[in-house]
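**Student:** for reference, the sequence and a predicted model appear below.
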Amino acid sequence: MTESKIKPNDYPVTIFLNTIPDAQVRADCWTITQMMMEAAQALPLMWGTSIVGFGMYPGVNIDGKEEKWMQIGFSPRKRGIALYIMVNGLEHSTELLGQLGKYTHGKGCLYIKCLADINLPVLNELFHEAAAYKVKSNPFTTR
């Protein structure tokens, strides 16, 4: 298998965030950055070319190789903002998601259009729970 292209790098997060074309998405991403920094107790790092990640933990991928992964992260996309949190593993996620507001989700991501549609205290609680879950569930397996 090929190695993941999504790795932490030294590209400045501030430059990445400041070049987001849509002003509202840019402002929302700055707010999410502050919330995730506090939840993960870590500074942001670029992962690949378009993901802002917080915290790191070691794990083993499906090839048996050790690699690090972010605790939580996000990425501005064309249709909204992808929030990389493992909702399926969160203890209270069903209850919290019911109070969150407008979103869609995949296995480990929440997708939101804008923070105005979201209950921020609930989102903050999800971020804290996701960051703690990733640390507790070490080691992990990537797909």
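**Tutor:** Perfect, thanks for sending it.
**Student:** and the strand of greatest length in the chain, what does it pack onto?
**Tutor:** If you go by DSSP state E, the chain has its longest strand at strand 66-77. If you count contacts as 3 or more CB pairs under 8 Å, 6 or more residues apart in numbering; DSSP states H and E, strand 66-77 packs onto helix 23-40, strand 44-47, strand 51-60, strand 80-84, helix 120-136. Just so you know, the C-beta spots here come from the backbone N, C-alpha and C atoms, and that holds for glycine as well.
**Student:** where does the chain have low pLDDT?
**Tutor:** For the chain, residues meeting the criterion pLDDT under 70 lie at 1-4, 59-60, 87-92, 134-143.
**Student:** now do the contacts for the residue nearest to Val13 when sequence neighbours are not counted.
**Tutor:** Using CB to CB, 6 or more residues apart in numbering and skipping residues adjacent in sequence, the residue nearest Val13 is Pro44, 4.4 Å away. Shown in contact with Pro44 (CB atoms under 8 Å, 6 or more residues apart in numbering): 13, 33, 36-37, 52-54.
**Student:** and stretch 122-131, which residues are buried?
**Tutor:** Residues 122-123, 125-131 are the ones in stretch 122-131 that count as buried (16 or more other CB atoms under 10 Å).
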